[in-house]
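Engineer: Dropping the sequence and predicted coords here.
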Amino acid sequence: MKISQLAHLTDAATCPRLVVKVGSALLVGKDGAPRREWLTALVAEIAAARAAGQEVIVVSSGAIALGARKLGLAKGGRGSLSDAQAAASVGQITLAGLWADLLAAHGLTAAQILLTLEDLEDRRRYLNVTATLGTLLAAGAVPVINENDSVATEEIRFGDNDRLAARVGQAAGASGVLLLSDIDGLYDRDPRAEGATRIPVVRGVTPEIHAMATGGSSSGLGSGGMTSKLQAAEIAELAGMALAIIDGQPTSPISAAFGADRGTLFLPRGRQQARKAWLGGRMRMRGSVSVDAGAAAALAKGSSLLAAGITAVDGDFQRGDAIAVIGPDGQTIARGLSEYDAAECLALKGHHSREHEALLGYAPRSALIHRDQLVLL
């Protein structure tokens, strides 16, 4: 049975492996101290899920906020990159200890994993993460994951744990991702506006859905907003996972939201081949190629990308790098691994395959991006 409603995310039969993301504003109070009573109730829900046969992975924010309080840093530790890195270094110890203590009260073992963007963007490191998560879950542990903010910089970071949760779910082969937020789902406009309506189910994140999002976190503690949650939903749907946004503020938030059937559920697409799902979920592209309408139509039918349909090349990428494919309307329609570097793509742009050997001086490969290395968005 496929996931088609919120309640299916807590059913081990429909969702055997679930990722639960907890934001800073939920875990840490305005005074910078952990909300231990709230967290205790959430851990009880996680323990109940484990007892019912569901494997749970936690993606937990809060290290920077907790560390900032101990170090006495202004702006919750987010005044500068160096402040955030220092706060994360201190706060991560407290955060890990919190989860370990509360899970241990239910006889569960916590396992800490700190990740950077490159750990999930590099294929070999991504597979290492997959193997580690699989081993931990098989041993009965509850992985507690956070971005490694003590070393991450603006160039090599997720920047929010919503997208990290989706990528972790993808690496773990999860069936669902649950984002605990300070709002009970996606609304058709700013939820503070008169007449705003919550959307219970989303079938595909379209430009119209993106237009409903408002950026920024209302708490001032976190780094994510509705825009980052929609980006997480896009990663999830490409990987064949359902993703839900619920209000995490009540005590026992999962039971409260699912009991009232309040939230927004983003339905998955069919599960992609593992390598294609990884490609589709990548956040950083090394460059891009633009294509004409004919090439876009051919890609939609499952063809490889040929140089004849290329109209422009952007970026300084090498063979094997991940690049975006831009359609005639300026929207990204696919991602894939390039068979050529950027200079070769420029030389081949708009030329038929039979001309390639004369242009390059050697026998060319069959396509600019082979269909086995390409995923449609």
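Structural biologist: Alright, I've got the coordinates.

Engineer: in the stretch 51-200 of the chain, which segments are predicted with low confidence?
Structural biologist: The stretch 51-200 of the chain contains residues with pLDDT under 70 at 153-157, 159.

Engineer: What segments of it are strands?
Structural biologist: 55-60, 110-115, 142-147, 176-181 (DSSP state E, counting those that start in this stretch).

Engineer: Of all those, which one is nearest Leu71?
Structural biologist: strand 142-147 (17.7 Å; CB to CB). All C-beta atoms are positioned from the backbone trio N, CA, C, and that covers glycine.

Engineer: Where does Thr311 fall, secondary structure wise?
Structural biologist: strand 310-315 (DSSP states H and E).

Engineer: pLDDT of that strand, averaged?
Structural biologist: For strand 310-315, mean pLDDT rounds to 94.

Engineer: gap between that strand and the chain center?
Structural biologist: Centre-to-centre, strand 310-315 and its host chain are 27 Å apart (CA atoms, centre = their mean, to the nearest Å).

Engineer: In contact with Ile199, which residues?
Structural biologist: Gly185, Leu186, Tyr187, Asp188, Met212, Thr264 (CB atoms under 8 Å, 6 or more residues apart in numbering).

Engineer: if I look at the second one, how far off is Ile199?
Structural biologist: From Leu186 over to Ile199 the distance is 5 Å, taken as CB to CB, to the nearest Å.

Engineer: picking that back up, just the buried subset of the contacts of Ile199, written out for ChimeraX, thanks.
Structural biologist: Of these, the buried ones go into a single ChimeraX selection, burial set by 16 or more other CB atoms under 10 Å:
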select :185,186,187,212,264
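
Engineer: Need the contacts of Ile199 in JSON lines (columns: distance to Lys349).
Structural biologist: Formatted as JSON lines, the contacts of Ile199 follow (distance: CB to CB, whole Å):
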{"residue": "Gly185", "distance to Lys349": "44"}
{"residue": "Leu186", "distance to Lys349": "40"}
{"residue": "Tyr187", "distance to Lys349": "43"}
{"residue": "Asp188", "distance to Lys349": "42"}
{"residue": "Met212", "distance to Lys349": "37"}
{"residue": "Thr264", "distance to Lys349": "42"}
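
Engineer: and of the contacts of Ile199, the nearest to Lys70?
Structural biologist: Looking across the contacts of Ile199 and measuring by CB to CB, the closest to Lys70 is Gly185, at 34.1 Å.

Engineer: surely that closest one meets Asp261?
Structural biologist: No. Between Gly185 and Asp261 there is no contact under CB atoms under 8 Å: 10.8 Å.

Engineer: Which neighbours do these two have in common?
Structural biologist: Common neighbours of Gly185 and Asp261 (CB under 8 Å, 6+ apart) are Pro200.

Engineer: quick one on the thing from earlier: packing partners of the strand holding Thr311?
Structural biologist: With contacts taken as 3 or more CB pairs under 8 Å, 6 or more residues apart in numbering; DSSP states H and E, strand 310-315 sits against strand 287-291, helix 342-348.

Engineer: For it, buried residues please.
Structural biologist: Ile310, Val313, Asp314.

Engineer: Excluding covalently adjacent residues, which one is nearest to the first one?
Structural biologist: Right, Ile310. Distances taken as CB to CB, 6 or more residues apart in numbering put Lys349 closest to Ile310, at 4.5 Å, once the chain neighbours are dropped.

Engineer: can you pull the contacts of the one you found?
Structural biologist: Ala307, Ile310, Thr311, Ala312, Val313.

Engineer: all helices of this structure, in order?
Structural biologist: 24-27, 36-51, 63-71, 81-104, 117-121, 123-138, 161-172, 207-210, 226-238, 253-259, 274-281, 293-300, 342-348, 356-360 (DSSP state H).

Engineer: Of all those helices, which one comes closest to Asp372?
Structural biologist: Closest approach to Asp372 among the helices of the chain is made by helix 274-281 (8.2 Å; CB to CB).

Engineer: Run through who's touching stretch 89-96.
Structural biologist: Taking CB under 8 Å, 6+ apart as the rule, stretch 89-96 contacts 27, 34, 60, 62-68, 70-71, 77, 110, 112, 114, 144, 146, 149-150.

Engineer: switch the cut-off to 6 Å
Structural biologist: Stretch 89-96 is contacted from outside by Gly62, Ala63, Ile64, Leu66, Gly67, Lys70, Leu71, Gln112, Ser150, using CB atoms under 6 Å, 6 or more residues apart in numbering.

Engineer: Can you flag the buried ones in the residues you listed?
Structural biologist: With burial judged by 16+ other CB under 10 Å, the buried subset of the contacts of stretch 89-96 is Gly62, Ala63, Ile64, Leu66, Gly67, Gln112, Ser150.

Engineer: now the most centrally placed residue in the chain: how far from Ala358?
Structural biologist: The residue lying closest to the centre of the chain (CA atoms, centre = their mean) is Arg163, at 2.6 Å. Distance, Arg163 to Ala358, using CB to CB: 44 Å.

Engineer: What of Val90?
Structural biologist: 62 Å.

Engineer: can you check Ala239 too?
Structural biologist: 42 Å.

Engineer: ok, now Gly225?
Structural biologist: From Gly225 to Ala358 the distance is 52 Å (CB to CB).
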